[in-house]
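Engineer: Structure for this input, please:
(one chain, ligands or ions: 2)
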Amino acid sequence: MSDQKKILLLPGDGIGPEVVAEARRVLEALQGGDFNIEFSEGLIGGCAVDAHGTPLPDATLEKARAADAVLMGAVGGPKWDTLDRPLRPERGLLRIRAALDLYANLRPVLCFDELAEASTLKPEIVRGLDILIVRELTGGIYFGEPRGVVEEGGQRVGINTERYSESEIERICRSAFEYARVRDRRVCSVDKANVLESSQLWRDTAERVARDYPDCALSHMYVDNAAMQLVRGPGQFDVLVTSNLFGDILSDIGAQLTGSIGMLPSASLNRQGQGLYEPVHGSAPDIAGQGKANPLATILSAAMMLRYSLGRGDLADRVEAAVKRVLANGLRTGDIAGPGEAVLSTAQMSAAVVAAL
Ligand code: ATP
Ligand code: MG
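Structural biologist: Ligands and ions are numbered 1, 2, ... in the order given. As a prediction, the model looks like this:
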């Protein structure tokens, strides 16, 4: 049986192509024996608008459907900010998530102690932090109907609708419990059940799902309290599961607790385990094309891909260990370097990871 995995690379815009190229080098270094990859490439975001007049060409979507997993860089930049909404690069991302039904967004909030030890300690960095935020990605207020801006009583009214079905809540809660099982077996469900009906259903459904996971503990928290607790005592959390909107906000708080946005990976998965993997950071137009970008967030996203879509947790472990070793050896890109520390280029950093493998 050939075990060749199909990976679609979507470099995107800004620093996207630079960091995806380096993650590819790391994946290539793992090839051999029973692990082989067939890479293909596609366009998404601003570069796709320039080439084909749409941020998500059909050809890209077809390739994505045929792939075991997709590794993306980032989309967007000032060049496309003034386009009409359907042409905006970010639309390409929303559309591919919806088309592949990538409902489970995993955002590890992980502080590398190797970084916290050595570098200039920002006061907000929390050593030893290891949380997994599981955000519902294809429902809720970002997609609910009715929506729009309407005329009402002589003025304009903006409308969005928070909407969740039981089945949507159930599948994301199940995902959260499954991930909790290979962690500390604690799930905290975040909602606003004291005010929102959709949240009340969320809470009831989480309770029902929890009965299938008697080995895990479920707690509930209102989102305002969860935001405060994340800043005050983030060490209390293991797995957080929440809606699209709340997850968007809480995961950005989480990112700040870890020290560098250039270090954080993410995964978006569907029921078949197919996934889109991307760094948490954006296209960083301010440093694009200068070889300054930290490739570790994308390399760690590739590790998540190995673990969650390619069934190779063993190789994911190797990549993560290599990243830790590189950091422990004091190697730094500009975003994670302290004053006076030597700064590596994007390519030098990934070369160091490959060497550590
Ligand atoms: P988006 O709207 O796409 O989220 P953004 O402007 O909010 O974009 P980023 O593009 O992530 O955010 O950039 C925020 C800051 O972090 C910029 O100064 C950028 O240079 C820096 N940055 C982002 N990613 C990296 C990286 N991989 N390595 C180094 N610096 C980075
Ligand atoms: Mg942003």
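Engineer: When you work out contacts or count neighbours from here on, use the C-alpha atoms and nothing else.
Structural biologist: Noted.
Engineer: after the helix or strand containing A48 comes which helix or strand?
Structural biologist: In this assignment (DSSP states H and E), A48 forms part of helix 46-52. Using DSSP H and E, the next helix or strand after helix 46-52 towards the C-terminus is helix 58-66.
Engineer: Tell me the first helix or strand C-terminal of that following helix.
Structural biologist: Where DSSP H and E defines the elements, the next helix or strand beyond helix 58-66 is strand 69-74.
Engineer: hmm, who's touching that next one?
Structural biologist: If you take Cα atoms under 8 Å, 6 or more residues apart in numbering as the criterion, strand 69-74 is touched by 6-17, 19-20, 64, 274-279, 281-283, 298, 301-302, 305, 309-310.
Engineer: These in helices, which ones?
Structural biologist: Those of the contacts of strand 69-74 mapping onto helices are G16, P17, V19, V20, A64, T298, S301, A302, M305, per DSSP state H.
Engineer: re earlier: can you point out the buried residues in the helix holding A48?
Structural biologist: Residues of helix 46-52 classed as buried: G46, C47, A48, V49 (neighbour count, 16 or more other Cα atoms under 10 Å).
Engineer: Give me the nearest residue to the last one, chain neighbours excluded.
Structural biologist: Leaving aside its sequence neighbours, V49 sits nearest to P55 (Cα to Cα, 6 or more residues apart in numbering; 4.9 Å).
Engineer: what pLDDT, on average, does the helix holding A48 get?
Structural biologist: Helix 46-52 comes out with an average pLDDT of 98.
Engineer: Export it to CSV, keeping only CA atoms.
Structural biologist: Once non-C-alpha atoms are left out, helix 46-52 reads as follows in CSV (Å, rounded to 0.1, in the frame of the first residue of the first chain):
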residue,chain,number,x,y,z
GLY,A,46,-4.7,38.7,-2.8
CYS,A,47,-2.4,36.8,-5.2
ALA,A,48,-5.5,34.9,-6.4
VAL,A,49,-7.4,38.1,-6.9
ASP,A,50,-4.5,39.5,-9.0
ALA,A,51,-4.2,36.3,-11.1
HIS,A,52,-7.9,35.2,-11.4
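Engineer: Please identify which helix or strand holds the residue of the stretch 101-250 of the chain found nearest ligand 1.
Structural biologist: With Cα to the nearest ligand atom, the shortest gap between the stretch 101-250 of the chain and ligand 1 falls at D248, namely 11.3 Å. If you go by DSSP H and E, D248 is part of helix 244-257.
Engineer: quick one, helices of this protein?
Structural biologist: 16-30, 46-52, 58-66, 89-99, 113-118, 166-181, 197-210, 223-232, 244-257, 296-308, 313-328, 346-356.
Engineer: For the ones you listed, give me a markdown table that also has distance to D130.
Structural biologist: Shown next, in a markdown table, are the helices of the chain (distance: least, Cα to Cα, whole Å):
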| stretch | distance to D130 |
| --- | --- |
| helix 16-30 | 23 |
| helix 46-52 | 34 |
| helix 58-66 | 31 |
| helix 89-99 | 26 |
| helix 113-118 | 11 |
| helix 166-181 | 12 |
| helix 197-210 | 22 |
| helix 223-232 | 12 |
| helix 244-257 | 10 |
| helix 296-308 | 15 |
| helix 313-328 | 14 |
| helix 346-356 | 22 |
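Engineer: right, so those: which one is the most enclosed?
Structural biologist: Most buried of the helices of the chain, by mean neighbour count (mean count of other Cα atoms under 10 Å): helix 296-308, with a mean of 26.
Engineer: Other residues contacting the top strand by length along the chain?
Structural biologist: In the chain, with assignment by DSSP state E, the single longest strand is strand 4-12. Identification of contacts with strand 4-12 by Cα under 8 Å, 6+ apart yields 17-21, 35-47, 63-64, 66-76, 310.
Engineer: Could you list the low-pLDDT ranges of this protein?
Structural biologist: For the chain, residues meeting the criterion pLDDT under 70 lie at 1-2, 117-124.
Engineer: What parts of it come near ligand 1?
Structural biologist: I261, G262, H281, G282, S283, A284, D286, I287, A293, N294, P295, D335 (Cα under 6 Å from any ligand atom).
Engineer: now, the most widely separated pair of the ones in helices among the contacts of strand 69-74?
Structural biologist: V19 and A64 (19.4 Å; Cα to Cα).
Engineer: In contact with H220, which residues are there?
Structural biologist: Here H220 is in contact with C188, S189, V190, D191, R203 (Cα under 8 Å, 6+ apart).
Engineer: partners of it in the sheet?
Structural biologist: The bridge-partner assignment for H220, based on DSSP bridges, gives S189.
Engineer: Distance of it relative to P78?
Structural biologist: 40 Å (Cα to Cα, to the nearest Å).
Engineer: Of the ones in helices among the contacts of strand 69-74, which is the nearest to S243?
Structural biologist: Of all the ones in helices among the contacts of strand 69-74, S243 sits closest to S301, with 21.9 Å by Cα to Cα.
Engineer: ok, that closest one to E278 distance?
Structural biologist: Taking Cα to Cα as the measure, S301 and E278 are separated by 6 Å.
Engineer: any common contacting residues for these two?
Structural biologist: Common neighbours of S301 and E278 (criterion: Cα under 8 Å, 6+ apart): L71, P265, S266, A267.
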